[in-house]
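A.B. asks: Below is the structure, and that's it, no one-letter string:
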């Protein structure tokens, strides 16, 4: 179990690992008997999640990725619902006549997946991600500065 | 100069217990864990993950700092932590806030319940 706990500590962000992993392992050795190995292991898992998601800034990437996916999904639904006839002409493509009628005359959803569409999605996702990461970083910086100005440190 | 501690309040239970354990003397990580267990009469047990995660945050916020040198008789590998004066102010503000909560709770719990 000590080896497992050591691996768990190794998965923490490098800055945290360098500072505290040695002491955490020492405490694990000292208190494994009194606190229980499982409790210490779950505590380590919680710390791992908090370190990566809250403290290291990776949460910004995760949130931006989720918002970008949401953006693409909503965009896809909007295209399916409000898609125009000129994207797929039922007269030129008899095989999609019924589907086209079903979706108000055809949309991008009924087009075969081409390089153009993939490129369009890639640009859309990358652009969305970039804007969101920059926005979140800027917001966090101004938020942190507000907190620091609100309560000057006393040494 | 009057400090504004409100951005740091309310403290999480772990942060409150850590600050409270450091209020009396400088301690190393394991010492903090033991003191927290003693203060809460064994009802609140901090794991090392929660402890160092919170210590890192408190140090970043300037509430706790590394103690310059451990006592001579102790293991030199252990790092000691101590409360800054700003951390002491935040702890006092939190205790005052909790006192007002307890006062309010007592008033409401003593008063007879009325149907609305």
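C.D. replies: Good, I have the coordinates. Predicted model, so just to flag it, every value in this text is computed and none were measured.
A.B. asks: May I see the buried residues of stretch B:17-28?
C.D. replies: Buried residues in stretch B:17-28, counted by 16 or more other Cβ atoms under 10 Å in any protein chain shown: B:17, B:18, B:19, B:20, B:21, B:22, B:26, B:27, B:28. For every residue, glycine as well, the C-beta is placed using N, CA and C.
A.B. asks: sec struct for the fifth one, please.
C.D. replies: Just to be clear, that refers to residue B:21. Under DSSP: H, G, I helix; E, B strand; the rest coil, residue B:21 falls in the helix class.
A.B. asks: what about it, distance to chain A?
C.D. replies: 15 Å (Cβ to the nearest Cβ, to the nearest Å).
A.B. asks: residues near residue A:10, how many?
C.D. replies: Other residues lying near residue A:10 total 10 when counted by other Cβ atoms under 10 Å in any protein chain shown.
A.B. asks: how about the strands in chain B?
C.D. replies: Applying DSSP state E to chain B gives strands spanning B:27-28, B:64-66, B:80-83.
A.B. asks: which residues touch the second one?
C.D. replies: Judged by Cβ atoms under 8 Å, 6 or more residues apart in numbering or on different chains, the contacts made with strand B:64-66 from elsewhere in the structure are B:18-19, B:22, B:55, B:58-59, B:79-84, B:87.
A.B. asks: need the helices for chain B, in chain order.
C.D. replies: Assigned by DSSP state H, chain B shows helices spanning B:13-24, B:29-39, B:48-61, B:85-110.
A.B. asks: In TSV: those, plus mean pLDDT.
C.D. replies: Formatted as TSV, those follow (pLDDT from 0 to 100):
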stretch	mean pLDDT
helix B:13-24	94
helix B:29-39	93
helix B:48-61	93
helix B:85-110	93
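A.B. asks: among the ones you listed, which is nearest residue A:114?
C.D. replies: Nearest of the helices of chain B to residue A:114, taken as Cβ to Cβ: helix B:48-61 at 48.1 Å.
A.B. asks: The closest one vs chain A: in contact?
C.D. replies: Yes: judged by Cβ under 8 Å from any Cβ of the partner chain, helix B:48-61 comes into contact with chain A through B:48, B:49, B:50, B:51, B:52, B:53, B:55, B:56, B:57.
A.B. asks: between that helix and helix B:85-110, how big is the angle?
C.D. replies: Inter-element angle recorded for helix B:48-61 and helix B:85-110: 120 degrees (by axes from the mean of the first three to the mean of the last three Cα atoms, to 10 degrees).
A.B. asks: which parts of helix B:48-61 are buried?
C.D. replies: Here helix B:48-61 shows B:48-59, B:61 as buried, counting by 16+ other Cβ under 10 Å.
A.B. asks: Pick the one among those closest to residue A:41.
C.D. replies: Proximity of these to residue A:41 (Cβ to Cβ) peaks at residue B:49, which lies at 9.3 Å.
A.B. asks: and of the contacts of strand B:64-66, the nearest to residue A:21?
C.D. replies: Scanning those for proximity to residue A:21, where the rule is Cβ to Cβ, the winner is residue B:79, at 12.4 Å.
A.B. asks: The closest one: what's it in contact with?
C.D. replies: Contact analysis of residue B:79 by Cβ under 8 Å, 6+ apart lists A:23, B:28, B:29, B:66, B:67, B:70.
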